[in-house]
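# what follows is a predicted protein model with its sequence.
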Amino acid sequence: MTAGTVSARRVRRAVLIRQGVRVVAAAAAVFSVLTAVLILLACFIDDQRIDRDMGSATATVTEVTDRRAAVEFDAGGGRTARPVTGVFYPTGLVEGQRVQVEFRRANPDLVRVSGRSWTVAVVPALSVPAVVVPLAALAYAAASPGVHRAVPRIPRSVPR
């Protein structure tokens, strides 16, 4: 194996690695933005469903975790609702608190804190792309051609 063959393999491997980094960086950026948009779209659609068939009640917060706030309320007709996914937009709720909620009468599992809407989800949903996109752009730029230019060598002085 000649030095030229080894050098060519190293160059090809470096090019492939840089291309892979660029693909992964672009995919991560697109995925994070797409996910945020889909989350906001889902929140908007759920709010529209609640608005078209709205009931309201006073709910008791039965449990608060990092991911959700569970509530219990009278959904009318003697039905007590305990939505499995909890209440939408639960920021600031504490266990034992009584809070006004709006729910879809046909499906009381769709419930939100009264007065809150999908716009409450904008900041949390966009927080991930706000971090991922700039980091992905830096990784993409670092792996792009032209960034890794060879440092020019200073010729050795030739003795006379």
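Thanks, I have the structure now. Numbering: from 1, shown residues only.
# can you give me the helices for this protein?
3-52, 122-142 (DSSP state H).
# and the angle from the first one to helix 122-142?
Between helix 3-52 and helix 122-142, the angle formed by their directions is 170 degrees, by axes from the mean of the first three to the mean of the last three CA atoms, to 10 degrees.
# for the protein, which spans come out with low pLDDT?
1-4, 6, 147-160 (pLDDT under 70).
# which strand is the longest one in it?
Criterion DSSP state E: the longest strand present in the chain is strand 54-64.
# that older thread, include mean neighbour count and distance to V111 when you put the helices of the chain into CSV, please.
To be clear about C-beta, it is placed using only N, CA and C from the backbone, and glycine gets the same treatment. Converted to CSV, those look like this (neighbours: other CB atoms under 10 Å; distance: least, CB to CB, whole Å):
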stretch, mean neighbour count, distance to V111
helix 3-52, 14, 8
helix 122-142, 15, 18
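# distance to T65 for those helices - can I get that in a markdown table?
Below are the helices of the chain laid out as a markdown table (distance: least, CB to CB, whole Å):
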| stretch | distance to T65 |
| --- | --- |
| helix 3-52 | 19 |
| helix 122-142 | 16 |
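# backbone dihedrals for R67, please?
R67 adopts backbone torsions of phi -100, psi -20, taken as degrees, to the nearest 10.
# from R67, how far out is P90?
Applying CB to CB, to the nearest Å, the value for P90 to R67 is 9 Å.
# more crowded one of those two?
The residue with more neighbours, out of P90 and R67, is P90; 20 against 8, by other CB atoms under 10 Å.
# ok, that one to R79 distance?
From P90 over to R79 (counting by CB to CB), the distance is 22 Å.
# contact partners for V99?
Contact partners of V99, counting by CB atoms under 8 Å, 6 or more residues apart in numbering, are 58-59, 61, 71, 87, 93, 113-114.
# in this structure V71 contacts T58, no?
No. V71 is beyond contact range of T58, at 9.9 Å (criterion: CB atoms under 8 Å).
# compare these two (neighbour count), which wins?
V71 (27 against 12).
# that one: what's its closest spatial neighbour, skipping adjacent residues?
Computed as CB to CB, 6 or more residues apart in numbering, the closest residue to V71 that is not its neighbour in sequence is A59, at 4.0 Å.
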